[in-house]
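Colleague: Have a look at this prediction, sequence included:
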Amino acid sequence: MYIKTYSKFNRGLIFILNPVSLLYKSLSFLVLKKRSLKKKNYDNAYIISIDNLSFGGTGKTALVIAIGKYLSQKKIKFAIITRGYRSRSEQKGALVTAQNTVDEVGDEAILLKRNFPDQDIYVGKNRHKSLKQARSRNNKIMLLDDGFQSTSIPKNLKIMLINPHHPYYYLRHFKCLMRGEDIILRYHPESGSALKSNHRLSVQHSLPMEASYSFIPEGFYNPQHQSLEINDASIMGFSALGDNIRFQTDLSAFNLKAFKAYRDHFHFTQKDIKQLDRLRQNSKATYLVCTEKDFIKLAHLDLAGIPLIYIKNRLQLSVDVLSVIYNHAKKQGFI
């Protein structure tokens with residue numbers, strides 16, 4: 001069952017969750033501290049940790065992609081370390097290939113590999129194992145997805161994404177833990193408009209620092225990954241994210257007729273896509289629209305006769321954080 005985050009039921013539920021989360025956060029804090037006592041150093045690696053306080057939905061994968069594209073433009077080799085949540089490789093670990101499926105390595109890993117076919121992508125719960133394998137393949141720059149939980153790994157740069165608009169963002173960890181981060185990025189829907197050349201931070205900007213971020217739609221695509229102009233066509237959206245409301249808000253800029261939300265990492269079946277198409281027809285929408293990440297989980301289904309398309313979003317930063325990251329790694333001698 002998926003409960004709408006901003007529903008009246010959930011607003012009432014917060015009063016129950018707050019005291020429960022206090023116990024959960026206290027236990028999590030002790031676990032993180034215990035792990036930090038057994039640190040393993042990686043002297044020849046520059047580790048960028050992309051963190052959040054919540055259980056998901058802040059846009060960590062989008063930030064990993066943004067950093068990766070910036071490094072790729074500079075022709076810099078790097079590796080991405082991610083968990084492969086609920087995949088068959090989560091426990092044993094794996095180097096992701098173009099032939100892997102979602103069941104094998106997870107939807108995020110497939111999305112990352114499609115964006116970076118020439119870079120190493122590792123999945124696995126054991127981050128130390130992934131880091132060692134990445135170093136054995138001459139990777140010096142490591143992007144550690146959701147590295148906040150891995151306190152046994154020393155990081156060269158820690159970046160935390162915060163969505164203060166989400167009522168549950170503080171239930172997983174104490175907000176005071178943000179103080180240890182080098183860069184804090186706060187979600188703000190209108191922050192993208194501030195990214196102009198005369199507003200960019202100087203590359204000498206000192207750390208720690210704060211900035212804001214938003215998501216900019218790059219366009220719609222059909223199942224063959226071809227760009228599609230929908231103009232004023234009506235749409236019905238759906239997603240299975242940590243924060244579905246954010247995606248629904250993004251789609252509201254178009255002719256959105258209806259929206260359906262699922263729990264994060266939901267596994268779609270043929271029955272689900274047929275049900276969604278019936279809802280589309282009932283709402284008199286022309287297209288079914290999902291995120292690129294969700295489409296990866298749907299691509300293997302029979303989509304004949306179903307007008308399913310997906311939208312690509314790009315992370316937009318209020319200041320030139322990517323240059324700050326690059327110059328920090330360069331200053332430490334890794335670039």
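Modeller: Good, I have the coordinates.
Colleague: so how far is residue 312 from residue 145?
Modeller: 19 Å (Cβ to Cβ, to the nearest Å). Glycine gets a C-beta too; all of them are placed from N, C-alpha and C.
Colleague: quick one, which of these two is more surrounded?
Modeller: Higher neighbour count among residue 145 and residue 312: residue 145, with 24 against 15, using other Cβ atoms under 10 Å.
Colleague: That one contacts residue 81, correct?
Modeller: Yes: if you go by Cβ atoms under 8 Å, residue 145 and residue 81 touch, sitting 6.5 Å apart.
Colleague: C-terminal to the longest strand that the chain contains, what's the next element?
Modeller: Looking across the chain with DSSP state E, the single longest strand is strand 209-221. Once strand 209-221 ends, the next helix or strand along the chain (criterion: DSSP states H and E) is strand 227-228.
Colleague: partners of that next one in the sheet?
Modeller: Sheet pairing of strand 227-228 (DSSP bridges) gives strand 209-221 (antiparallel).
Colleague: quick one, domains of the chain?
Modeller: The domain map for the chain lists 8-215+316-331, 216-315, with the assignment taken from automatic domain parsing.
Colleague: Helices of the stretch 1-150 of the chain, residue ranges please.
Modeller: Assigned by DSSP state H, counting those that start in this stretch, the helices in the stretch 1-150 of the chain fall at 8-36, 60-73, 102-105, 107-115, 127-136.
Colleague: Comparing these, which stretch has the densest surroundings?
Modeller: Greatest average neighbour count among the helices of the stretch 1-150 of the chain goes to helix 107-115 (a mean of 22), per mean count of other Cβ atoms under 10 Å.
Colleague: could you give the angle of that helix to helix 60-73?
Modeller: Our comparison of helix 107-115 with helix 60-73, counting by axes from the mean of the first three to the mean of the last three Cα atoms, to 10 degrees, yields an angle of 20 degrees.
Colleague: on contacts alone, who are the packing partners of helix 107-115?
Modeller: Contact here means 3 or more Cβ pairs under 8 Å, 6 or more residues apart in numbering; DSSP states H and E; on that basis helix 107-115 packs against helix 60-73, strand 78-82, strand 120-123, helix 292-298.
Colleague: Just the mean pLDDT for the last one, thanks.
Modeller: The average pLDDT within helix 292-298 is 96.
Colleague: following it, which helix or strand comes up?
Modeller: On the C-terminal side of helix 292-298, the closest following helix or strand by DSSP H and E is strand 308-317.
Colleague: The following helix or strand past that following strand vs strand 308-317, what angle?
Modeller: Counting by DSSP H and E, the element after strand 308-317 in chain order, helix or strand, is helix 321-331. Helix 321-331 and strand 308-317 are oriented at 60 degrees to each other (the same axes, to 10 degrees).
Colleague: Could I get the buried residue list for helix 321-331?
Modeller: Using 16 or more other Cβ atoms under 10 Å as the test for burial, helix 321-331 gives 321, 322, 324, 325, 326, 328, 329.
Colleague: residue contacts, the nearest residue to the first one once chain neighbours are set aside?
Modeller: Right, residue 321. Excluding the flanking residues, the one nearest residue 321 by Cβ to Cβ, 6 or more residues apart in numbering is residue 211, at 5.5 Å. Counting by Cβ atoms under 8 Å, 6 or more residues apart in numbering, residue 211 touches 183, 184, 185, 186, 191, 201, 317, 318, 319, 321.
Colleague: Try it again at 6 Å.
Modeller: 185, 317, 318, 319, 321 (Cβ atoms under 6 Å, 6 or more residues apart in numbering).
Colleague: Would you convert those into JSON lines that also reports distance to residue 41 and pLDDT?
Modeller: Below are the contacts of residue 211 laid out as JSON lines (distance: Cβ to Cβ, whole Å; pLDDT from 0 to 100):
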{"residue": "185", "distance to residue 41": "27", "pLDDT": "95"}
{"residue": "317", "distance to residue 41": "30", "pLDDT": "93"}
{"residue": "318", "distance to residue 41": "34", "pLDDT": "92"}
{"residue": "319", "distance to residue 41": "31", "pLDDT": "91"}
{"residue": "321", "distance to residue 41": "26", "pLDDT": "95"}
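Colleague: thinking again about what came up before, out of the helices and strands packed on helix 107-115, which comes closest to residue 242?
Modeller: The minimum distance between residue 242 and these falls on helix 60-73, with 9.3 Å, by Cβ to Cβ.
Colleague: by contact count, what packs against that closest one?
Modeller: Of the remaining helices and strands, those touching helix 60-73 by 3 or more Cβ pairs under 6 Å, 6 or more residues apart in numbering; DSSP states H and E are strand 46-52, strand 141-145, strand 308-317.
Colleague: Adjacent strands (with direction) for the first one?
Modeller: Put plainly, it is strand 46-52. In the sheet, strand 46-52 lines up against strand 141-145 (parallel), strand 157-162 (parallel) (DSSP bridges).
Colleague: Could you spell out the sheet neighbours of the following helix or strand past the longest one, each with its direction?
Modeller: When you say that, I think you mean strand 157-162. Next helix or strand after strand 157-162 toward the C-terminus (DSSP H and E): strand 183-187. In the sheet, strand 183-187 lines up against strand 157-162 (parallel), strand 209-221 (parallel) (DSSP bridges).
Colleague: what would those strands look like in a markdown table with mean pLDDT and distance to residue 263?
Modeller: Output for those, formatted as a markdown table (pLDDT from 0 to 100; distance: least, Cβ to Cβ, whole Å):
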| stretch | mean pLDDT | distance to residue 263 |
| --- | --- | --- |
| strand 157-162 | 94 | 20 |
| strand 209-221 | 93 | 20 |
